[in-house]
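Student: Below: sequence and its predicted model.
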Amino acid sequence: MKVANTRVCLFLLIVTCSLSLNTNIAMGAYDQFSNNEIDSEKWSDLEFVRKIDPVSGKLVLKVRSTTTSARNRFLFAEPDTVNTIKATMSVVNIELSGDHKADAYIGGFFYNNKSAGGSTGDIWANVALRNNGSGLSAVWSILRITDDNNDNSVEIDSGQLFSPGQLNYNTPYSVEIIYNGTNSFTFKVAGNSATSNATTLPSINLLMDDQ
């Protein structure tokens, strides 16, 4: 079993942009970039950062969106060798408007329960630090993909390790997923853990290689 052990620091939604762009049209400059955030009425792509902080040595991820969902994913080069994912995660800030949520998570596709190829039947598991407007919580879920385009899924099992408001911003938490290779997952956050009900999981058929 190979363990992917990373130190992760996640910044969500707040980014200061320092671009130098001279885009002139007949009426003058399109954008003077005088605000602290990219203007969503002028640009379709907003703040997105993925880097290693040179002082702390941590991975920093930032993303902002005002109209659609946005993701900042960091993928393994050889995911088929990984059965356990472990990281230390800190959520620095989340800003929400309306009925939305934001997740900082680790997860992947661990196996497929069909006897032939295609994405249908892929089994996804993740554990997340989440804010849905009521404070920071820790949740986990297992999904089964129901089409070959990865557009639809059904939830197989899920749970909560910490209720909204029990976790704090700017605080490092140990987060872990363990897949035992026989249709069972264990999820851990900051000392709390849960194991999926193996009787609800589809039987294994094909090992996955695209976490």
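Tutor: Sure thing, it's come through.

Student: now for the biggest strand by length in the chain, which elements pack on it?
Tutor: Longest strand of the chain, by residue count under DSSP state E: strand 153-167. Judged by 3 or more C-beta pairs under 8 Å, 6 or more residues apart in numbering; DSSP states H and E, the packing partners of strand 153-167 are strand 122-131, strand 136-145, strand 185-189, strand 192-195. No exception for glycine: its C-beta is placed from N, CA and C like everyone else's.

Student: okay, those in TSV with mean pLDDT next?
Tutor: Converted to TSV, the helices and strands packed on strand 153-167 look like this (pLDDT from 0 to 100):
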stretch	mean pLDDT
strand 122-131	93
strand 136-145	95
strand 185-189	96
strand 192-195	96
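
Student: Mean neighbour count, the ones you listed: which tops it?
Tutor: Of all the helices and strands packed on strand 153-167, strand 122-131 carries the top mean neighbour count, a mean of 24, counting by mean count of other C-beta atoms under 10 Å.

Student: In a helix, residue 80, correct?
Tutor: Yes. Counting by DSSP: H, G, I helix; E, B strand; the rest coil, residue 80 falls inside a helix.

Student: If we go by neighbour counts, what in stretch 150-163 is buried?
Tutor: Buried residues in stretch 150-163, counting neighbours by 16 or more other C-beta atoms under 10 Å, are found at 156, 157, 161, 162.

Student: quick one: the strands in the protein?
Tutor: So, for the chain - with DSSP E - the strands run 2-10, 24-25, 28-29, 48-52, 59-63, 82-91, 102-112, 122-131, 136-145, 153-167, 173-179, 185-189, 192-195, 206-207.

Student: about what we covered before: redo the helices and strands packed on strand 153-167 as a markdown table? Include distance to residue 63.
Tutor: As requested, those are exported to a markdown table (distance: least, C-beta to C-beta, whole Å):
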| stretch | distance to residue 63 |
| --- | --- |
| strand 122-131 | 14 |
| strand 136-145 | 17 |
| strand 185-189 | 21 |
| strand 192-195 | 27 |
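
Student: Ok, which of those strands comes nearest residue 99?
Tutor: Smallest distance to residue 99 across the helices and strands packed on strand 153-167 (C-beta to C-beta): 12.6 Å, for strand 122-131.

Student: The closest residue to residue 149 other than its chain neighbours and residue 146: what is the separation?
Tutor: Nearest residue to residue 149, sequence neighbours excluded (C-beta to C-beta, 6 or more residues apart in numbering): residue 119, at 7.1 Å. Using C-beta to C-beta, to the nearest Å, we find residue 119 at a distance of 9 Å from residue 146.

Student: and the two? which has more neighbours close in?
Tutor: It is residue 119, of residue 119 and residue 146, that has more neighbours when counted by other C-beta atoms under 10 Å, with 17 against 14.
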